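Student: Kindly generate the corresponding structure for this input.
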Amino acid sequence: VAAEMTTTYVAGTDLDQKQWRSDGERDQVNENILLQQQMFLLYEELSYAMNEGDIGHVETCFLPWSYIFQATGKHKYAVALKQYL
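Tutor: Predicted coordinates:
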């Protein structure tokens, strides 16, 4: 059930294909919801790893966050995370 929900309600590798469709075929609201759910899961994963004290997992979670920081204009945070890694 979880795997089916994840493929349906979270952005996957096929999101790029959905974004290249014509405007009449695209569902931009659904695309944004899929991306939002993906961000929520990244936060949940990082939070869980920190609460469990799993530093290796926390470090693994840093790479996607550095790209998120860079995309949102928080370049100092992105550089700091990349230097740490």
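
Student: What values do phi and psi take at the residue of the chain positioned farthest from its centre?
Tutor: With distances taken from the mean C-alpha point of the chain and given as Cα atoms, centre = their mean, the most distant residue is residue 24, at 26.3 Å. Note on residue 24: backbone dihedrals following degrees, to the nearest 10 are phi -70, psi -30.

Student: so what's it up against?
Tutor: Counting by Cβ atoms under 8 Å, 6 or more residues apart in numbering, residue 24 touches no other residue. Heads up, the C-betas are built off the backbone N, CA and C, glycines and all.

Student: Do you know the pLDDT at it?
Tutor: We have a pLDDT of 81 for residue 24.

Student: State the distance from it to residue 31.
Tutor: 14 Å (Cβ to Cβ, to the nearest Å).

Student: model confidence over the helix or strand containing residue 83, on average?
Tutor: Assessed by DSSP states H and E, residue 83 sits inside helix 75-84. Mean pLDDT, helix 75-84: 89.

Student: List the buried residues for that helix?
Tutor: For helix 75-84, a neighbour-count test (16 or more other Cβ atoms under 10 Å) marks 78, 81 as buried.

Student: what does that helix rub up against?
Tutor: 59, 62-63, 65-67, 69-70.

Student: 7 Å instead?
Tutor: With contacts defined as Cβ atoms under 7 Å, 6 or more residues apart in numbering, helix 75-84 is touched by 62, 65-66, 69-70.

Student: got CSV for these, with neighbour count, secondary structure and distance to residue 35 too?
Tutor: Listed next are the contacts of helix 75-84 as CSV, based on neighbours: other Cβ atoms under 10 Å; DSSP: H, G, I helix; E, B strand; the rest coil; distance: Cβ to Cβ, whole Å:
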residue, neighbour count, secondary structure, distance to residue 35
62, 15, helix, 19
65, 17, helix, 15
66, 19, helix, 17
69, 19, helix, 16
70, 15, helix, 16
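
Student: Can you tell me the SS state at residue 44?
Tutor: helix (DSSP: H, G, I helix; E, B strand; the rest coil).

Student: Please report the distance of it from residue 82.
Tutor: 23 Å.

Student: repeat for residue 40
Tutor: Taking Cβ to Cβ, one finds residue 40 at 23 Å from residue 82.
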